[in-house]
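Undergrad: model the following, please.
(one chain, ligands or ions: 1)
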Amino acid sequence: MKSRTKVVVIGGGIAGCSTLYHLTQEGWTDVVLVERNELTSGTTWHSAAQVTNFGMNQTMVGLKTHSIQLYKELAEDPDYPINYHHGDGGIRLANTEAQMQGYRHFTSMARGMDVHFEVIDAEECARRHPLISTENLIGGLWDPMDGDIDPAQLCQALARRARKAGAEVYRNTPVTALTQHSDDTWTVHTEHGDIDCDIVVNACGYRVNEVGAMMGVHHPVASMEHQYFLTEEIPAIRDAGHRMPLLRCPISDYYCRQEKNGLLLGFYEQDCKTWGMDGIDPNFVNALCPDDLDRVTDVLEGAFARMPALMEVGVHTVVNGPITYTIDGAPLVGPIPGKRNAFCIIGLRAGLGEGGGHGWLLAQQIVHGEASYDTWCLDPRRFTGHANVELTALKAIEDYQNEFRFHFPHEHRPAGRPAKTTPLTPVLAAEGAAFTVINGWERVEYIKPSPDFSPTLSFDFDETFDLIADEVANVQTGVGLAEVNGFNRIEVTGTDRHSFLDRMFCGTVTRRDGRVGLGYLLNHHGMVKAEATVANLPASDRGPDRLWYGSAAASEFHDMDWLTQHMRVGEDVHLRSLTNEQTILVLAGPKARDVLSACARGDWSATAFPWLSVRECFVGIAPATVMGVSFSGELAYEIHVPNASLYAAYLALRQAGETHGLKLFGARAVESMRMEKSFMHWKADLITEFDPFETGLDRFVKLDKGAFIGRDALLARQAVGPQKKLVVMQIHETQRPAHPGASLLRGDQVVGTVTSGDWGHRTGLNLAHAFVDPEQSEVGADMELDSCGQRVRATVIPPSPYDPGFERMKA
Ligand SMILES: Cc1cc2nc3c(=O)[nH]c(=O)nc-3n(C[C@H](O)[C@H](O)[C@H](O)COP(=O)(O)OP(=O)(O)OC[C@H]3O[C@@H](n4cnc5c(N)ncnc54)[C@H](O)[C@@H]3O)c2cc1C
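TA: I've put the predicted structure just below:
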């Protein structure tokens, strides 16, 4: 066994084998995999191993395409071919129009990744899968590349290729402890000796938290028992002359594929069970949980009704094994929060289908610092302090119960709520607030007209349309108040604070006391990494000279890691998170100044407190830090208040607002208004796949300011020219917004992808942001949006269709 290597991958299931193989493909061959037993002896050996191309977003579709291409290549290896059935297709069934509409959207989205799904009617489903009845069926989504693979052969093939490239695999070598040294390198302690390395990767499947504990972290991953059975031979399959397509059923929660001349039927029962919550038997190796078909009778009934042939055959094998889930159903692939040189590839619930792609994207992150796709939907830092073991289990159960039921736009499922609240949450609930969830925080979405108001889940505009119009109108003509909780706030102190942020941002970071600026951080490839406001607060009785770095709620761990990891030894910079201590009250609208002046002493005139100012004060008796910034495009103030004083500040504002008609507004109104101002959203419009010039952020880049992270790479990119350009578009339809991921077409060619879309209530325009081919990016360029299967006209328009001169917010 080596005593030193570059990377140690812990775990020899599909996750570990794929990571090891892809590290060698990215050029790192001094890498090692350690496995406590034999390869595939965790979950992988007994997987049903279906391999679909279907995913909820382009990153998922793209990584699954990578899996499929890789698996085809491995299957065709002349020396060591493996069993991979692909190209027989698969159907996701639907019995509601809403599901069909979703499938049409996902088809539009996948097209941008050169993946071609088809939405077919019930008769066509039955024609392609002769065993199914069309009762209670409207149709389905056809994935032509659906298939299944031999999981053990797959892992062996990956390990073999990795070894051939120079990697080493140590079987029967349990990792017993991990030590991180002061230079951030690691020692991996195993039962057979120690291995020093630069980087560790946790790929331990259901034992993820045993290894997590060795480095002092808890990963939000929980295991569920999951069963399938195999039937005896079915004559109709034997005689069909072709393999049966796979089936996935959101109506009765099962999947089904051909296995030899019978069927493999897997279940996602409502009466489901977590597994291993109180520890896992160390001898649970190549093992299964006891069969329990009684739990799945509800699912079986639905499956029998759909495939009557099932009732005529016996079951010869039942498999019940642990399968891992996270809080949102997607795995955790990337850097471990708060750690250096530590990565994970865990929480895989469809690891055979996805594993090839996850290993690829993880290896790219390890070797190059970033993957070729934006991997935020997989990033372990997307869950923060709320992601404890109990919440994870509740979300795992909910996700398991809804396995094939995709989330509709604005759908927020109830399990594990409320997780993060402020003192105002119950107050706002009593005011009729409907809540959305952002990084675990319950944030007001809109104010309901009645307690039982519940809009239809749909890709179309729904019953909230007029409510949001009213909230926007009140902000436009009067004054509105919104709570923005969980906003990421990092206090930066120390004498080197300005030079530190100068290095982090690609533009000017203002050094003037009492001023606020917006800026962007790039990664080492010159791509957009983060967006933040920086406020300069002079020393006061509340603290020393300091900067407040503010960014999207979801970025809490992401941005803290990025900043921390780029502090230099000896640099006098101190970072302190205020995210859980402070909440923002946004006061917006032409009467905002009157309301603020009525409850906060001081001169709030445009001369004394112009746009982009920051000042400490009191709102009523609540200490507050007020910033003159606006996401709505109206005159607005962000009032930052310590949570202990939040209710006091709220009462003062409400009282002062009474004579001005102050009303509450929520995140949906903000979304509509920010679209009209062409303000970007982090991880919707601002992603690591594009540089700031492609993203239209030219005015925030100062190439001549001196060194900053990403500058050299950006210069090189600038010389080549943009691959895409972010544009603002008008969508010429009124039925539904443009959904993120939807494809823009010219003829049959995909020329762009939507990143955000919403109705602009002040302009009366259906608006979208999209990355399009540079030649389609001029104002006036016309193309078509594939809007849930309908082609509608879409035109590039100038940015900020509402108040293009930015006069209202500076008033
Ligand atoms: C019944 C069932 C059906 C499924 N069907 C499908 C399907 O159709 N399609 C699909 O894509 N997915 C399916 N899955 C899910 C899929 O099998 C898993 O996502 C995948 O196998 C997980 O792989 P992994 O590498 O993450 O974990 P594992 O396969 O569990 O591998 C983790 C490895 O880490 C090792 N390890 C743990 N601790 C240590 C340690 N301390 N030191 C060294 N090594 C350690 C373990 O021994 C193990 O080999 C199914 C799962 C089940 C249970």
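Undergrad: give me the secondary structure label for the closest residue to residue 161 other than its chain neighbours.
TA: Closest residue in space to residue 161, ignoring its immediate chain neighbours: residue 21 at 5.5 Å, by C-beta to C-beta, 6 or more residues apart in numbering. C-beta here means a position set from N, CA and C on the backbone, and glycine is covered the same way. When classified by DSSP: H, G, I helix; E, B strand; the rest coil, residue 21 comes out as helix.
Undergrad: what of residue 784?
TA: strand.
Undergrad: got a pLDDT number for it?
TA: On pLDDT, residue 784 comes in at 98.
Undergrad: residue 793 is in contact with that one, correct?
TA: Yes - counting by C-beta atoms under 8 Å, residue 793 is a contact partner of residue 784 at 6.2 Å.
Undergrad: compare the two (neighbour count), which wins?
TA: Neighbour count, other C-beta atoms under 10 Å: between residue 784 and residue 793, residue 784 has more, with 18 against 13.
Undergrad: how near is that one to residue 469?
TA: 27 Å (C-beta to C-beta, to the nearest Å).
Undergrad: cool, and residue 631?
TA: Taking C-beta to C-beta as the measure, residue 631 falls 18 Å from residue 469.
Undergrad: quick one, which of those two is more surrounded?
TA: residue 631 (19 against 16).
Undergrad: now whichever strand or helix holds residue 103: buried residues?
TA: According to DSSP states H and E, residue 103 maps onto helix 97-111. Neighbour counts over helix 97-111 (16 or more other C-beta atoms under 10 Å) mark 99-111 as buried.
Undergrad: what helix or strand is residue 188 on?
TA: With DSSP H and E as the criterion, residue 188 is inside strand 186-190.
Undergrad: ok, then the element right after that strand?
TA: Of the helices and strands lying after strand 186-190 in sequence (DSSP H and E), the nearest is strand 193-202.
Undergrad: so how far is that following strand off the chain centroid?
TA: The chain centroid and the centroid of strand 193-202 are separated by 29 Å under C-alpha atoms, centre = their mean, to the nearest Å.
Undergrad: need the contact partners of that strand.
TA: By C-beta atoms under 8 Å, 6 or more residues apart in numbering, the surrounding residues in contact with strand 193-202 are 1-11, 16, 19, 32, 34, 178, 185-188, 208, 211-212, 215, 219, 336, 341-346, 362, 366.
Undergrad: narrow those to just the buried residues.
TA: Neighbour-count burial (16+ other C-beta under 10 Å) is assigned, among the contacts of strand 193-202, to 5, 7-11, 16, 19, 32, 34, 178, 185-188, 208, 211-212, 215, 219, 336, 341-346, 362, 366.
Undergrad: near the ligand, list only the ones from these.
TA: Contacts with the ligand within the buried ones among the contacts of strand 193-202, as defined by C-beta under 6 Å from any ligand atom: 10-11, 16, 34, 211.
Undergrad: quick check, nearest of the residues you listed to the ligand?
TA: Using C-beta to the nearest ligand atom, residue 11 comes nearest to the ligand of those, at 2.8 Å.
Undergrad: which residues are in contact with that closest one?
TA: Applying C-beta under 8 Å, 6+ apart, we find residue 11 in contact with 33, 35, 42, 202-205, 207, 211.
Undergrad: burial check on the closest residue to residue 800 other than its chain neighbours, number of neighbours?
TA: Among residues not flanking residue 800 along the chain, residue 678 sits closest, at 4.8 Å (C-beta to C-beta, 6+ apart). Per other C-beta under 10 Å, the neighbour tally for residue 678 reads 22.
Undergrad: from residue 371, how far off is residue 678?
TA: To residue 371, residue 678 is 28 Å away according to C-beta to C-beta.
Undergrad: likewise residue 287?
TA: Distance, residue 287 to residue 371, by C-beta to C-beta: 34 Å.
Undergrad: which stretches of the stretch 501-650 of the chain form helices?
TA: Taking DSSP state H, counting those that start in this stretch to define them, one finds helices in the stretch 501-650 of the chain at 556-565, 592-599, 646-657.
Undergrad: circling back: among the contacts of strand 193-202, which are in strands?
TA: If you go by DSSP state E, the contacts of strand 193-202 have 4-10, 32, 34, 178, 186-188, 342-346 in strands.
Undergrad: how about the contacts made by the nearest residue to residue 638 once chain neighbours are set aside?
TA: Computed as C-beta to C-beta, 6+ apart, the closest residue to residue 638 that is not its neighbour in sequence is residue 627, at 4.4 Å. By C-beta under 8 Å, 6+ apart, residue 627 lies in contact with 516, 533, 535, 612-614, 637-638, 640.
Undergrad: just those now: which is nearest residue 163?
TA: residue 533 (49.9 Å; C-beta to C-beta).
Undergrad: so what's that closest one bridging to?
TA: Beta-bridge partners for residue 533, by DSSP bridges, are residue 518, residue 550.
Undergrad: which stretches in the stretch 451-600 of the chain count as strands?
TA: Per DSSP state E, counting those that start in this stretch, the stretch 451-600 of the chain carries strands over the ranges 480-484, 488-493, 516-522, 528-537, 546-551, 574-577, 582-588.
Undergrad: just the CA trace of the fourth one, in CSV.
TA: The reference is to strand 528-537. What follows is strand 528-537, C-alpha atoms only, in CSV (Å, rounded to 0.1, in the frame of the first residue of the first chain):
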residue,chain,number,x,y,z
VAL,A,528,-19.1,34.4,-12.4
LYS,A,529,-18.8,32.8,-8.9
ALA,A,530,-20.7,35.1,-6.6
GLU,A,531,-22.5,38.4,-6.4
ALA,A,532,-22.4,40.7,-3.3
THR,A,533,-23.1,44.2,-2.0
VAL,A,534,-20.4,45.7,0.2
ALA,A,535,-21.3,48.4,2.7
ASN,A,536,-18.6,50.5,4.4
LEU,A,537,-19.5,51.2,8.0
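Undergrad: give me the distance between the most centrally placed residue in the chain and the ligand.
TA: Nearest to the mean C-alpha position of the chain, counting by C-alpha atoms, centre = their mean, stands residue 377 at 2.6 Å. To the ligand, residue 377 is 17 Å away according to C-beta to the nearest ligand atom, to the nearest Å.
Undergrad: could I get the contacting residues of the residue of the stretch 151-300 of the chain found nearest the ligand?
TA: Nearest to the ligand in the stretch 151-300 of the chain, going by C-beta to the nearest ligand atom, is residue 205, at a distance of 2.3 Å. If a contact means C-beta under 8 Å, 6+ apart, then residue 205 has 11, 13, 15, 42-44, 324, 346, 348 as its contacts.
Undergrad: what's the answer for residue 480, then?
TA: Applying C-beta under 8 Å, 6+ apart, we find residue 480 in contact with 471, 474, 586-589, 662-665, 669.
Undergrad: show me what from the stretch 1-150 of the chain comes close to the ligand.
TA: For the stretch 1-150 of the chain, the residues found near the ligand under the criterion C-beta under 6 Å from any ligand atom are 10-16, 34-37, 41-44, 46-50.
Undergrad: if we go to 8 Å?
TA: Contact residues, the stretch 1-150 of the chain versus the ligand (C-beta under 8 Å from any ligand atom): 10-17, 34-52, 148.
Undergrad: now which of those would you call buried?
TA: Those of these that meet the buried threshold are 10-17, 34-36, 39-52, 148, by 16+ other C-beta under 10 Å.
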